[in-house]
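**Q** Have a look; sequence and predicted model below, questions after that.
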Amino acid sequence: MIERTTVTWSQMIDGFSRIGDVATAGGFFDRVPLELKNVVTWTVMVAYTSNGEMEEAKKVFEEMEQRNCFVWSYIICGYFKKGNMKRLKPF
């Protein structure tokens, strides 16, 4: 791959998370350059949330520099789907 962009990083992370390989997806996330992290962070949080990995999703959420209404909605919905609304109190 000649150029790694937010799209390529996001697609690799999304692909591995869709097949349930969250560990490999996380490994790719750890290698994302700092200047691309904000955009790719959304993909990682979605991947963890979609796979029910709410503790990992929360870690990524907390590392995000900017949290908009979509980010908040997604993390709240993730906890709701897991039936773990009590974990939302720290938010």
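**A** Received it, and whenever you're ready, just let me know what you need. Numbering: from 1, shown residues only.

**Q** Which neighbouring elements make contact with the helix-or-strand element of the chain with minimal mean pLDDT?
**A** Least confident helix or strand, the chain: helix 37-50 with a mean of 82, by mean pLDDT, DSSP states H and E. Judged by 3 or more Cβ pairs under 8 Å, 6 or more residues apart in numbering; DSSP states H and E, helix 37-50 is in contact with helix 6-18, helix 22-30, helix 54-63, helix 69-81. (Each C-beta comes from the backbone N, C-alpha and C, glycine too.)

**Q** Between the ones you listed, which one is closest to residue 38.
**A** Smallest distance to residue 38 across the helices and strands packed on helix 37-50 (Cβ to Cβ): 8.9 Å, for helix 6-18.

**Q** Give me the angle between that closest one and helix 37-50.
**A** Angle, helix 6-18 to helix 37-50, by axes from the mean of the first three to the mean of the last three Cα atoms, to 10 degrees: 20 degrees.

**Q** follow-up on the earlier one: now the helices and strands packed on helix 37-50 as TSV including mean neighbour count and distance to residue 45?
**A** Formatted as TSV, those follow (neighbours: other Cβ atoms under 10 Å; distance: least, Cβ to Cβ, whole Å):
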stretch	mean neighbour count	distance to residue 45
helix 6-18	18	10
helix 22-30	17	10
helix 54-63	17	5
helix 69-81	14	7
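
**Q** out of those, nearest to residue 42?
**A** Closest to residue 42 of these is helix 69-81 (Cβ to Cβ; 6.9 Å).

**Q** Tabulate the helices and strands packed on helix 37-50 (JSON lines), appending mean pLDDT and distance to residue 43.
**A** As requested, the helices and strands packed on helix 37-50 are exported to JSON lines (pLDDT from 0 to 100; distance: least, Cβ to Cβ, whole Å):
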{"stretch": "helix 6-18", "mean pLDDT": "87", "distance to residue 43": "4"}
{"stretch": "helix 22-30", "mean pLDDT": "87", "distance to residue 43": "8"}
{"stretch": "helix 54-63", "mean pLDDT": "88", "distance to residue 43": "10"}
{"stretch": "helix 69-81", "mean pLDDT": "86", "distance to residue 43": "11"}
